[in-house]
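[1] Let's see this in three dimensions:
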Amino acid sequence: MIHINLAQSDAEIERCFPTMQLLRPHLVASEFVTRIRRQQVLGFVPQPNLPPKKGD
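    Have a look, this model is predicted:
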């Protein structure tokens with residue numbers, strides 16, 4: 001089973017940067033946490049893109 005945790009603290013969000021930069025090369029490390037926090041205020045919450053469960 002895959003278990004995914006939502007990054008909540010600034011340190012957890014910072015640890016996501018290398019992966020996010022692979023997907024979004026324009027991102028800047030020094031602005032990343034601020035960008036994520038701004039998106040959270042606007043209601044954006046990252047959703048894992050997982051395959052559907054069997055039977056769905």
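[2] What are the boundaries of the helices in the protein?
    All helices of the chain, identified by DSSP state H, fall at 10-23, 29-41.
[3] could those go into a markdown table alongside mean neighbour count, distance to His3 and mean pLDDT?
    To be clear about C-beta, it is placed using only N, CA and C from the backbone, and glycine gets the same treatment. Formatted as a markdown table, the helices of the chain follow (neighbours: other C-beta atoms under 10 Å; distance: least, C-beta to C-beta, whole Å; pLDDT from 0 to 100):
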| stretch | mean neighbour count | distance to His3 | mean pLDDT |
| --- | --- | --- | --- |
| helix 10-23 | 12 | 15 | 94 |
| helix 29-41 | 13 | 21 | 94 |
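[4] Turn those helices into CSV, columns for distance to Ile2.
    Output for the helices of the chain, formatted as CSV (distance: least, C-beta to C-beta, whole Å):
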stretch, distance to Ile2
helix 10-23, 15
helix 29-41, 22
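[5] between those helices, which one is nearest to Ile4?
    helix 10-23 (11.6 Å; C-beta to C-beta).
[6] what does stretch 18-26 rub up against?
    For stretch 18-26, contacts defined as C-beta atoms under 8 Å, 6 or more residues apart in numbering pick out Leu27, Ala29, Phe32.
[7] Go through those and name the one nearest Arg38.
    Phe32 (10.8 Å).
[8] which residue sits closest to the closest one in space, ignoring its chain neighbours?
    Phe17 (4.9 Å; C-beta to C-beta, 6 or more residues apart in numbering).
[9] That neighbour touches Glu31, doesn't it?
    No: Phe17 lies out of contact with Glu31 (C-beta atoms under 8 Å); the separation is 10.1 Å.
[10] and Asp56, what pLDDT?
    pLDDT recorded at Asp56 is 52.
[11] Do me a favour and get the backbone dihedrals for the closest residue to Arg35 other than its chain neighbours.
    Spatially, and ignoring its direct neighbours in sequence, Arg35 is nearest to Leu27 (7.4 Å; C-beta to C-beta, 6+ apart). The phi/psi pair for Leu27 (degrees, to the nearest 10) reads phi -70, psi 150.
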